[in-house]
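Trainee: Take this sequence and fold it.
(chains A, B, C and D)
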4 protein chains.
Amino acid sequence: MIVILKPKTSKEQIQEVVQEVQKLGYTPHPIYGELQTVVAAIGDERTHHTLESLTVLPQVERVLPVQKRYKLVSRESKPEDTVVDVDGIRIGGENFVVMAGPCSVESEEQLISTARAVKAAGAKILRGGAYKPRTSPYEFQGLGREGLRLLAAAKKETGLKIITEVLSERDVEHVCETADVLQVGARNAQNFQLLIECAKSRKPVLLKRGMSERIEEWLLAAEYILANGNQSVLLCERGIRTFETYTRNTLDLAAVAIAKKESHLPVVVDPSQGCGRADLVKVLCRGAVAIGANALLVEVHPHPAEALSDGQQQVDFEVFSQLISELGPFLNAINRKLV
Amino acid sequence: MIVILKPKTSKEQIQEVVQEVQKLGYTPHPIYGELQTVVAAIGDERTHHTLESLTVLPQVERVLPVQKRYKLVSRESKPEDTVVDVDGIRIGGENFVVMAGPCSVESEEQLISTARAVKAAGAKILRGGAYKPRTSPYEFQGLGREGLRLLAAAKKETGLKIITEVLSERDVEHVCETADVLQVGARNAQNFQLLIECAKSRKPVLLKRGMSERIEEWLLAAEYILANGNQSVLLCERGIRTFETYTRNTLDLAAVAIAKKESHLPVVVDPSQGCGRADLVKVLCRGAVAIGANALLVEVHPHPAEALSDGQQQVDFEVFSQLISELGPFLNAINRKLV
Amino acid sequence: MIVILKPKTSKEQIQEVVQEVQKLGYTPHPIYGELQTVVAAIGDERTHHTLESLTVLPQVERVLPVQKRYKLVSRESKPEDTVVDVDGIRIGGENFVVMAGPCSVESEEQLISTARAVKAAGAKILRGGAYKPRTSPYEFQGLGREGLRLLAAAKKETGLKIITEVLSERDVEHVCETADVLQVGARNAQNFQLLIECAKSRKPVLLKRGMSERIEEWLLAAEYILANGNQSVLLCERGIRTFETYTRNTLDLAAVAIAKKESHLPVVVDPSQGCGRADLVKVLCRGAVAIGANALLVEVHPHPAEALSDGQQQVDFEVFSQLISELGPFLNAINRKLV
Amino acid sequence: MIVILKPKTSKEQIQEVVQEVQKLGYTPHPIYGELQTVVAAIGDERTHHTLESLTVLPQVERVLPVQKRYKLVSRESKPEDTVVDVDGIRIGGENFVVMAGPCSVESEEQLISTARAVKAAGAKILRGGAYKPRTSPYEFQGLGREGLRLLAAAKKETGLKIITEVLSERDVEHVCETADVLQVGARNAQNFQLLIECAKSRKPVLLKRGMSERIEEWLLAAEYILANGNQSVLLCERGIRTFETYTRNTLDLAAVAIAKKESHLPVVVDPSQGCGRADLVKVLCRGAVAIGANALLVEVHPHPAEALSDGQQQVDFEVFSQLISELGPFLNAINRKLV
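Mentor: Numbers count the residues shown, from 1 in each chain, chains lettered A, B, ... in the order given. Just a heads-up that it's a prediction; the model follows:
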């Protein structure tokens, strides 16, 4: 860490900082500049006390960390790409995988028809929410266990793998009976107890970025899963909250490139949540491919106008099918192949 | 709801929207403007299907809700101020309550000395984290059950009431044995399963605003607690995430005034998280009082420079004591009395 | 406009709103809902008084505009794509144009060598700042008129067209002697006097989106230029300010798609400002192409590490050349051709 | 500056950075940590080349500045409070000054009646926009020179000093004939040419914070004015742009405290722009006083519902008068006196 002292700090005050740095386990190394002194604190920041608390000393201006805080998720600890195996579907490397399905599981007919349509269009994994985190307690909260049962039926019928959201630590076990990938949503992006529980299940986990989560924090949330013994993590960019109101969120495609640079984990893009508008989904999928995403998570519904949740961002079967077929040249351009 | 159609929409297309509005349970009422038609959809929005999904129709420009989405937390449903009773300490109305203590419970000596100091200065409720949600898995995660034991001891020793954070649904029951108020942190602000579990405990719940939570969403999260049978909710403004980097968060004091206007629930301000800097805590407490907050939640530590978490935003005993004593004229100015 | 009244508003209070709406020039049309009344105000919002001021009436909850506020820039007023002619280089439609060059003009050698390199790589327009808006008054402010002279020399030498930023109304006239495109930067995105002066010059104007400008506001700033008689506007997305700190700005690629949908004007992407990091420029260029941008504005410098401004986001000749040559398959995928 | 190198950087690569640091005019001082090397670069950052450009070197992780970038505005260069003299009205220190008046000058009657009312309530400076920066070119743009004439008349009539916004470098000279304080609005917060022109006028300048301007950038914009020879600057907090939609902006009252801590300049709060809602103005004025503001800038209109601009955030005479009279106890609490 680097401790920056204020201008005109006395020798005694510098000494006080030096001693405090030592007391907290680092080797202090003061550097006397023209106008300001800085104290470099040598030691592994990930195993020592943080020094940010030293900013309460009146002579300390700021404290700057040197090291990255994530370890297991970093390219430095594992340079080669991780490929996550979802019951035979491999996500990562040159493969490109499409996950699609309705925002919420609403009925057998809705789910099975969607499963068939997305399979025909090229998707390998079916999404569908059985437990729905809704802003208002008066909104449709999902079908729960009945939704899981319908997902299992759709899996049996179509052979698609299943991804579905888990909202509660208590649900992890029984959701795992149906799900091939556990989805952790943006609202639970830093619900560390849920992350740890998902880690223990050993199922692949798709971890959405929180609405106002910095990339470093997103990677540290993934670090919780890896540090608890589960290497099968899919990072999912789904838009961040900004001042813009035309879209529901601002899809941060640069974050995809950064996550791939900083981490070995595969990165998924959710264009549906990412903009909250069906009419932008197709073009955002192209951007996601071009920027290097490993997979897409797209919301598809037989009749979006009548969907029980987030209809405005769901595409119908025809749009979805066209969208996937038109992705080909973009996948070729970046040397990825749709599996 | 108001469905705004695009300019130059044909009669047939208008009719299609009218029918869809009807099908989804509202009484449609089209208004033909000079340039654009809008369809007013009459019906209780809180019990009907949302119409936002209609934006997938090509002729629909936007859909605007009319009603507020929260009910039980609103002034409309309960015009008079709610006073939350924390085992005899009444928060709300003309009372002003100070909650204070360390960010994390670290040791018996640290906690007891802090408890005595904050009590002497005027605090009535002791805060202290036993379970800590930390951005990195390698940071101090709190003492857990041992922390709760120390909080119980401090309560016995000083008579202060206890507020402590709960991170997991599974912890609610045993945390309730020690806590007089359950704290739900910003990272769990929309962890609805945790909110429901806290609601069921019937303990007062202090609900922090999420880092990027709109005021409406914050009130709807509180609505989850009231709708699950628990009226004792304290709303807590703790700063929102913005582009500013001088402070850790941007304390949104206007939100305090808005929450008090829109809702009957008491509002607490956390100036420590709100700015992340000990040197600003005093002045932000004054602002919080002047703007109408009902209580403060302040982080206090015997030696902030050596704190195991968030030392940079904790004040020491002397600063805290001075801070409280200097609040007097501001409390007088707004007709609140420190209890 | 739609005026939403609060629940339990009396007939007299509704009547007051109806009269006020009428007084301000609209035809009022009250709709009595189950719980709330709304008053639709019929009339062209772009030529009438706004009704948002009615929110000061105690019975008014909110006022919602119906119409879009931009006119000349909209697809509704001109469905076909605008092609902006930069002295023979046509930007828009199926053409794809690359503009490149140093952040600041620093010296003859720096500029001429860069001009030759970017031309060889495929750029048609040379960028280079002579007047630089710098956050601090102590930073390099550009070479001013000498910088313009060097740009003119580079143009003569290479035949490249010139784009350069104009900071002051007073500079527009003489900058036009050298520039083929006037660049208005993010800090002046709503400096309407400068926009009007640029409009009057009749030169093409590249209008950057402001750091916290909503898409609607960006289009309205362009509307100032069109409304003042200049149709040759290039919209430029250059990243918005968010909470993320890994990148300097958050490049909003969805905004490119939205601008193209809402407006007939060509859209340019500036990946250099957009992320503030040289190592991300290449991948963001791919994203920009895939999402439908009509042109790129890329910062290139012979020795970025020693650049007088923003070296961290400038690529060197080799990276730039490779970047352009690798864009080919992405341009093919979207049916654009590099001119 | 501190240059942080990546882990596993070779000796040769470290040497390359050391040489580059030297070449750019600093004395390099490498510190070999356990995992990473950092190179401290000793030299005055305000007179040297920035080293941030070194991040383009592959072995460089990040570059961190040590010094603050502002000088003349800082408490370090001038510890005591600056008092700005507005033609005899002294703003700063223990004085508290109220500036008030309509958003726009609309007519003689509107302006004179408002001037009388705000004077009677305790204001000393009349605000009123003659040149209005409006988001849309179709909105009321102000009366221009006629507005200035009316302001001059109101000054003659009431003796109030005048503050009015200047939008164009070309207007500074003639606006100075009427204005006692030049107001620079949020949209021009980094229009440095306008700031320099205002500086040269030697009139006091009220500098609003930009919508997404960090505090450091705001102070650096003020530095432009001081560095160009004008010490009479009033910093004005008017809300920043965030994700929140209930209010037009998020008033950042902590920024007031920070500006007062970092700088000797007086700080003004604009609660009208700060929230965009008349019903919150009173309570935000209290917060502004308690947090240490030196003055208020409040929008007042005889009939806000019919105002030609921003009626929703203007208070009427009665509310304004009550607001000021109720500020007394808060001013007493903080030892400020209304002048």
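Trainee: contacts, neighbours, all on C-alpha from now
Mentor: Fine.
Trainee: what about A:L296, which SS state?
Mentor: Here A:L296 is recorded as strand under DSSP: H, G, I helix; E, B strand; the rest coil.
Trainee: now the end-to-end length of stretch A:221-234.
Mentor: Stretch A:221-234 has an end-to-end distance of 12 Å (criterion: CA to CA, to the nearest Å).
Trainee: Pull out the buried residues from it.
Mentor: By neighbour count, and taking 16 or more other CA atoms under 10 Å in any protein chain shown as the criterion, the buried residues in stretch A:221-234 are A:221-228, A:230-234.
Trainee: List the ones among those residues that fall in strands.
Mentor: Judged by DSSP state E, the buried residues of stretch A:221-234 include A:V233, A:L234 as members of strands.
Trainee: any idea which of the buried residues of stretch A:221-234 is closest to chain C?
Mentor: A:A221 (15.9 Å; CA to the nearest CA).
Trainee: quick one: contacts for the closest one?
Mentor: A:A189, A:Q190, A:F192, A:L195, B:T135, B:S136, B:P137 (CA atoms under 8 Å, 6 or more residues apart in numbering or on different chains).
Trainee: for the residues you listed, which one is nearest B:A152?
Mentor: Closest approach between those and B:A152, by CA to CA: A:F192, at 25.3 Å.
Trainee: Isn't the closest one up against B:P133?
Mentor: Yes - using CA atoms under 8 Å, A:F192 is in contact with B:P133, at 6.9 Å.
Trainee: which residues in the stretch 51-200 of chain A form strands?
Mentor: A:60-64, A:84-86, A:89-91, A:95-101, A:125-127, A:161-165, A:181-184 (DSSP state E, counting those that start in this stretch).
Trainee: before we move on, back to that, need the contacts of A:A221 in a markdown table (columns: neighbour count and pLDDT).
Mentor: Shown next, in a markdown table, are these (neighbours: other CA atoms under 10 Å in any protein chain shown; pLDDT from 0 to 100):
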| residue | neighbour count | pLDDT |
| --- | --- | --- |
| A:A189 | 24 | 98 |
| A:Q190 | 29 | 98 |
| A:F192 | 24 | 98 |
| A:L195 | 24 | 98 |
| B:T135 | 20 | 95 |
| B:S136 | 21 | 95 |
| B:P137 | 21 | 96 |
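Trainee: ok, which of those residues also contact chain C?
Mentor: By CA under 8 Å from any CA of the partner chain, no member of the contacts of A:A221 lies near chain C.
Trainee: Just give the nearest non-adjacent residue to A:D310, would you?
Mentor: B:S53 (6.4 Å; CA to CA, 6 or more residues apart in numbering or on different chains).
Trainee: got the contact list for the one you found?
Mentor: A:P304, A:A305, A:E306, A:A307, A:S309, A:D310, A:G311, A:Q312, A:Q313.
Trainee: Spatially nearest residue to A:I240 (excluding sequence neighbours)?
Mentor: A:M211 (4.7 Å).
Trainee: Show me which residues of chain A sit near chain D.
Mentor: Checking chain A against chain D by CA under 8 Å from any CA, the hits are A:4, A:31, A:33-36, A:40, A:42-44, A:66-67, A:241-244.
Trainee: Where does the prediction get shaky in the stretch 151-300 of chain A?
Mentor: Within the stretch 151-300 of chain A, no stretch has pLDDT under 70.
Trainee: For C:A333, see how far away the residue of it found nearest chain C is.
Mentor: When scored by CA to the nearest CA, the stretch 151-300 of chain A has A:G287 as its residue closest to chain C, at 4.8 Å. A:G287 is 12 Å from C:A333, where distance means CA to CA.
Trainee: Equivalent analysis for A:D252, please.
Mentor: 22 Å.
Trainee: which of the two has more neighbours?
Mentor: Between A:D252 and C:A333, A:D252 has the larger neighbour count (other CA atoms under 10 Å in any protein chain shown), namely 22 against 19.
Trainee: Tell me where the stretch 151-300 of chain A has helices.
Mentor: A:172-178, A:192-201, A:215-227, A:253-262, A:271-275, A:278-291 (DSSP state H, counting those that start in this stretch).
Trainee: What is the burial count for the residue nearest to A:I240?
Mentor: 23.
Trainee: List the residues that contact it.
Mentor: Counted by CA under 8 Å, 6+ apart, A:M211 has contacts A:A186, A:R187, A:G239, A:I240, A:R241, B:S212.
Trainee: Show the contacting residues for the residue in chain A that chain D sits nearest to.
Mentor: For chain A and chain D, the shortest gap (CA to the nearest CA) falls at A:F243, measuring 4.4 Å. Contact partners of A:F243, counting by CA under 8 Å, 6+ apart, are C:S212, C:R214, D:R241, D:T242, D:F243, D:E244.
Trainee: excluding its backbone neighbours, what's nearest the fourth one?
Mentor: Think D:T242. A:F243 (5.2 Å).
Trainee: Could you give me the buried positions within stretch A:253-271?
Mentor: A:253-257, A:259-260, A:262-271.
Trainee: wait, I meant stretch A:192-211
Mentor: For stretch A:192-211, by 16+ other CA under 10 Å, it's A:192-200, A:202-211.
Trainee: Any idea how far apart the tips of it sit?
Mentor: So stretch A:192-211: terminal residues 16 Å apart, CA to CA.
Trainee: Repeat that for stretch A:124-143.
Mentor: End to end - CA to CA - stretch A:124-143 spans 23 Å.
Trainee: now the nearest residue to A:G185 once chain neighbours are set aside: how far from A:E217?
Mentor: Take A:G185 and drop its neighbours on the chain: the residue closest to it by CA to CA, 6+ apart is A:K208, 5.3 Å away. Going from A:K208 to A:E217 by CA to CA gives 12 Å.
Trainee: again with A:S232
Mentor: Taking CA to CA, one finds A:S232 at 18 Å from A:E217.
Trainee: Check A:L5 too.
Mentor: For A:L5 relative to A:E217 (CA to CA), the value is 27 Å.
Trainee: So which of the two has more stuff around it?
Mentor: A:L5 (25 against 19).
Trainee: Find me the pLDDT at the nearest residue to that one once chain neighbours are set aside, would you?
Mentor: In this structure, A:L5 finds its nearest non-sequential neighbour in A:V60, 4.5 Å apart by CA to CA, 6+ apart. Model confidence at A:V60, given as pLDDT, is 96.
Trainee: Please name the residues that touch A:E223.
Mentor: Per CA under 8 Å, 6+ apart, neighbours of A:E223: A:Y70, A:K71, A:L72, A:V73, B:S136, B:P137.
Trainee: hmm, try it at 7 Å
Mentor: Neighbour list for A:E223: A:Y70, A:L72, A:V73 [criterion: CA atoms under 7 Å, 6 or more residues apart in numbering or on different chains].
Trainee: what does the stretch 201-339 of chain A put close to chain B?
Mentor: Contact residues (CA under 7 Å from any CA of the partner chain) of the stretch 201-339 of chain A with chain B: A:211-212, A:217, A:220, A:224, A:278, A:304-307, A:310-312.
Trainee: closest to D:Y26 among these?
Mentor: Closest to D:Y26, out of all of these and judged by CA to CA, is A:E217, at 33.9 Å.
Trainee: How many residues are close by the one residue in the stretch 51-200 of chain A that gets nearest to chain C?
Mentor: Nearest residue of the stretch 51-200 of chain A to chain C (CA to the nearest CA) works out as A:K68 at 12.0 Å. By other CA under 10 Å, 13 other residues sit near A:K68.
Trainee: Please apply the same query to A:E213.
Mentor: 22.
Trainee: Same check on A:E306?
Mentor: 21.
Trainee: so how far is chain C from it?
Mentor: As judged by CA to the nearest CA, to the nearest Å, A:E306 and chain C stand 22 Å apart.
Trainee: rewinding a little: can you put the contacts of A:A221 in JSON lines and add distance to B:E108?
Mentor: Shown next, in JSON lines, are those (distance: CA to CA, whole Å):
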{"residue": "A:A189", "distance to B:E108": "33"}
{"residue": "A:Q190", "distance to B:E108": "29"}
{"residue": "A:F192", "distance to B:E108": "26"}
{"residue": "A:L195", "distance to B:E108": "30"}
{"residue": "B:T135", "distance to B:E108": "25"}
{"residue": "B:S136", "distance to B:E108": "25"}
{"residue": "B:P137", "distance to B:E108": "24"}
